[in-house]
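Asker: my questions are about this predicted structure, shown below with the sequence.
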Amino acid sequence: MSGFLNLQKRADFMDNVIKITSPRDERVFIRVKHGHFITANAHINYYVGTSDIKHNHEVSTDTAMLLSEYYNTRGIEADTVLCLYETQTLGAYLAHELARPSMMNPNPNHSIYSLGAEYDAQGNIIFRDNLQRMIRDKRVIIIMSCITSGRTVERAIESVGYYGGTVVGISAAFSSARSIAGIEVNSIFTEEDLPGYEVYDVHNCPLCRMGVPVDAIANGYGYSQL
């Protein structure tokens, strides 16, 4: 019986999930659900699902093409794409797009690294000795599927600086932050695509004060229902 109830709970959770497509490419989309969700740094009233962008080959490829336009049109060059929370596939496609000839850079002459993030017990990003050469003295783009408060990216920027790299760009499929640490966020979807989207301080959440139950705990890997 408990198994049936868990399946029913999951089915109920998936009710009223909305698919939002990019006007620039209808093959690029996110799935969102209104509710009460907890992240590591905030409470939010929308869950933004980016599983297809991270794990579907075709969607990930098209997403990388859209994100690369920002850097190509601005002439921003990069040496490394730092991938946070399961965005290694997307980051590899972005690196591929940035390394291809373009109108702004018709003769690219270097490879671009795609590097996954490793975290210590405090949540800081660390780079092993064999990987530090891909960060030190390198121009780094940080990529993440979904940015809410921006604090995770702030810590990533600090970590890159500790190892001698410079962050030149921030990319995400969805971001409620327009800029982080003075760097403009390059995103496909923003809070304008989600009517009434709000990010609340962990200790000052109006949904909690009103007694609205938490639907799920969410992070860069997905969500876990409560």
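Answerer: Arrived safely, thanks for sending.
Asker: going forward, measure contacts between C-alpha atoms and count neighbours the same way
Answerer: Will do.
Asker: neighbouring contacts of the longest strand anywhere in the chain?
Answerer: Identified as the longest strand of the chain according to DSSP state E is strand 25-38. Residues outside strand 25-38 that contact it (CA atoms under 8 Å, 6 or more residues apart in numbering) are 14, 16-22, 43-50, 52-53, 59-60, 62-63, 207, 212-218.
Asker: how close does residue 168 get to residue 198?
Answerer: 27 Å (CA to CA, to the nearest Å).
Asker: more neighbours: which of these two?
Answerer: Taking neighbours as other CA atoms under 10 Å, residue 168 and residue 198 compare with residue 168 leading, 19 against 13.
Asker: which of the helices or strands spans the more buried one?
Answerer: strand 166-175 (DSSP states H and E).
Asker: from the chain's centroid, how far away is that strand?
Answerer: 8 Å (CA atoms, centre = their mean, to the nearest Å).
Asker: do the same with stretch 195-208
Answerer: So, by CA atoms, centre = their mean, the centroid of stretch 195-208 is 20 Å from its chain's centroid.
Asker: go on, stretch 190-206?
Answerer: 17 Å.
Asker: got the buried residues for it?
Answerer: 190-191, 194, 199-200 (16 or more other CA atoms under 10 Å).
Asker: low-confidence ranges in the protein?
Answerer: Residue ranges of the chain with pLDDT under 70: 1-15, 101-109.
Asker: show me which positions of stretch 69-86 end up buried.
Answerer: Buried residues in stretch 69-86 (16+ other CA under 10 Å): 69-72, 76-86.
Asker: narrow those residues to those in helices?
Answerer: Among those, the members falling in helices (DSSP state H) are 69-72.
Asker: now the nearest residue to residue 151 once chain neighbours are set aside: how far from residue 204?
Answerer: In space, residue 151 comes closest to residue 41 once its chain neighbours are excluded; the distance is 7.1 Å by CA to CA, 6 or more residues apart in numbering. Shown here: residue 41 relative to residue 204, a distance of 12 Å by CA to CA.
Asker: same question for residue 226.
Answerer: Look at residue 226 and residue 204: by CA to CA, they are 20 Å apart.
Asker: quick one: buried ones out of the contacts of strand 25-38?
Answerer: By 16+ other CA under 10 Å, the contacts of strand 25-38 give 21, 43-50, 53, 59-60, 62-63, 207, 214-218 as buried.
Asker: give the contact list for the residue nearest to residue 151.
Answerer: 149, 151, 201-202.
Asker: swap in residue 46?
Answerer: By CA under 8 Å, 6+ apart, the neighbours of residue 46 are 32-37, 194, 197-198.
Asker: next, the angle from whichever helix or strand it is part of to strand 25-38.
Answerer: Applying DSSP H and E as the criterion places residue 46 in strand 43-49. Interaxial angle, strand 43-49 versus strand 25-38 (axes from the mean of the first three to the mean of the last three CA atoms, to 10 degrees): 150 degrees.
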